[in-house]
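Chemist: Build me a model from this:
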Amino acid sequence: MPASAAGAVRGRFAQTLAIARRAWYNEEKRPQGRAACVRGGPRFPLPPARACWGLYLKLLVTGGAGFIGSNFLFYMREKHPQTELVCLDKLTYAGDAETLAPFCGAPGFAFVRADVADGAALDAALEEHRPDAVVHFAAESHVDRSIADPSVFVRTNTAGTQALLEACRRHGVERFHHVSTDEVYGDLDGTEERSAEDAPLRPSSPYAASKAGADLLCAAYARTYGMFVTVSRSSNNYGPYQFPEKLIPRMVVSALRGEPLPVYGDGLQVRDWLHVRDHCAAVDRILRAGRAGRVYNVSAHCERRNIDVVRLILEELGLPLSRIRHVADRPGHDRRYAADASRLREELGWEPETAFAAGLRAAVRWYLAHRPWWEHILSGEYQSAYARLFAPGR
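Modeler: Numbering: from 1, shown residues only. The predicted model follows:
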């Protein structure tokens, strides 16, 4: 069958399933009783068959101009081109509309500039776009910044997640996926164990505490209101478009600018590394087949000491180790994170595809090849990209 004909068939099939999906929620099928009360009547979690179909033809993605969110949008456009995408992003310092330039004017894509803690703005976005599911990446995520000003993290990560959950409940969004972090489990120094999903939450930093609060709100909304909510807790991500305040891009950029490479303390802190594309694949799998109310760790089980990662970067760039400068350690710095992703592998069949050595090499080469991208980040020019690309009436 010609490619054009096959595409037409897929399109008609998707439309038919969309109609069936909406009809499934007619008045005769809606149950009564302790279901979530939302506009239009009671709702309840998707049946298992529909969850397995992964029938989500319009997604609203918060934080889509950030590192992981933008990679997820690119991943979804590649893997599921029939899915309409709505990016909702406040465009804080870590959000770059320029990253999303390939979507500018593209069919099936919309950009909404809004704050996840602004209930009125969320209502307007959900009313206009009516997504089938929401994937919630938006977050303040840099631990150093959380130490300097915890209030921003509580507002965005905790209160913002509650505002988004409530808006989704009011508007009857069928599925809500919250992206969290393995840092909620706290420090595993002195043990070889990995944190499973039922491990106690013991956050050390204000950032991790704000994410733990968001996780608990997700569990509360799932139980109290019957919402179909899933949560993923990811280990440290790396890859293209990562803001250059995080370890790997910061070391690469510092090296390319001829600056010393600052390493906290002795550099022996252990992190569990995951390529961002593997993370995107995991979120996609959870969104389409995960169980309601379930938490899934996302980890490649790839532990490396920070100092060893920095040495590998210098080796890839052909630079001497003398460029490393040890600096005073971060207050309350956790020594080791490690999450057990057995549930995700066994229940949903996910496996990471990117080996760390190859992924790190590719990341270093990406920053080498995309110097204008990170230079315009460092200069602050990126903050004007929204007006040029996505502002209403442009």
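Chemist: residues in contact with residue 126?
Modeler: 60, 167, 168, 170, 171, 173 (Cβ atoms under 8 Å, 6 or more residues apart in numbering). Just so you know, the C-beta spots here come from the backbone N, C-alpha and C atoms, and that holds for glycine as well.
Chemist: Same question for residue 320.
Modeler: Contacts of residue 320 by Cβ under 8 Å, 6+ apart are residue 314.
Chemist: just the strands in the stretch 1-150 of the chain please.
Modeler: 36-38, 41-43, 58-62, 84-89, 109-113, 133-136 (DSSP state E, counting those that start in this stretch).
Chemist: Tell me which of the ones you listed sits most buried.
Modeler: strand 133-136 (a mean of 27; mean count of other Cβ atoms under 10 Å).
Chemist: which other residues reach that one?
Modeler: Contacts for strand 133-136 (Cβ under 8 Å, 6+ apart): 56, 58-63, 72, 116, 161, 164, 168, 173-179, 283, 287.
Chemist: was I right about residue 289 contacting residue 348?
Modeler: Yes - between residue 289 and residue 348 there is a contact under Cβ atoms under 8 Å: 5.4 Å.
Chemist: Closest one of the contacts of residue 126 to residue 199?
Modeler: residue 168 (27.2 Å; Cβ to Cβ).
Chemist: dump the residue contacts of the closest residue to residue 209 other than its chain neighbours.
Modeler: Of all residues not flanking residue 209 in the chain, residue 203 sits nearest, at 4.2 Å (Cβ to Cβ, 6 or more residues apart in numbering). Contact partners of residue 203, counting by Cβ under 8 Å, 6+ apart, are 183, 184, 186, 209, 211, 212.
Chemist: just residue 293 next, same as before
Modeler: Counting by Cβ under 8 Å, 6+ apart, residue 293 touches 219, 222, 223, 229, 230.
Chemist: Just to be sure, which of those are found in strands?
Modeler: Among these, the members found in strands (DSSP state E) are 229, 230.
Chemist: Could I get the full set of strands for the stretch 201-350 of the chain?
Modeler: Under DSSP E, counting those that start in this stretch, the stretch 201-350 of the chain gives strands at 229-234, 236-238, 261-264, 270-275, 295-298, 303-305, 324-327.
Chemist: got those strands as TSV, with mean neighbour count, mean pLDDT and distance to residue 133 columns?
Modeler: Compiled in TSV, the strands of the stretch 201-350 of the chain are given as follows (neighbours: other Cβ atoms under 10 Å; pLDDT from 0 to 100; distance: least, Cβ to Cβ, whole Å):
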stretch	mean neighbour count	mean pLDDT	distance to residue 133
strand 229-234	26	98	10
strand 236-238	23	97	21
strand 261-264	19	96	38
strand 270-275	22	97	23
strand 295-298	26	98	16
strand 303-305	17	97	32
strand 324-327	14	96	43
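Chemist: Select, out of those strands, the one closest to residue 366.
Modeler: The nearest among these, by Cβ to Cβ, is strand 236-238 at 10.2 Å.
Chemist: who does that closest one touch, helix- and strand-wise?
Modeler: Applying 3 or more Cβ pairs under 8 Å, 6 or more residues apart in numbering; DSSP states H and E, we find strand 236-238 packed against strand 270-275, helix 276-289, helix 356-369.
Chemist: what's the angle from the second one to helix 356-369?
Modeler: Spelled out, it's helix 276-289. 110 degrees (axes from the mean of the first three to the mean of the last three Cα atoms, to 10 degrees).
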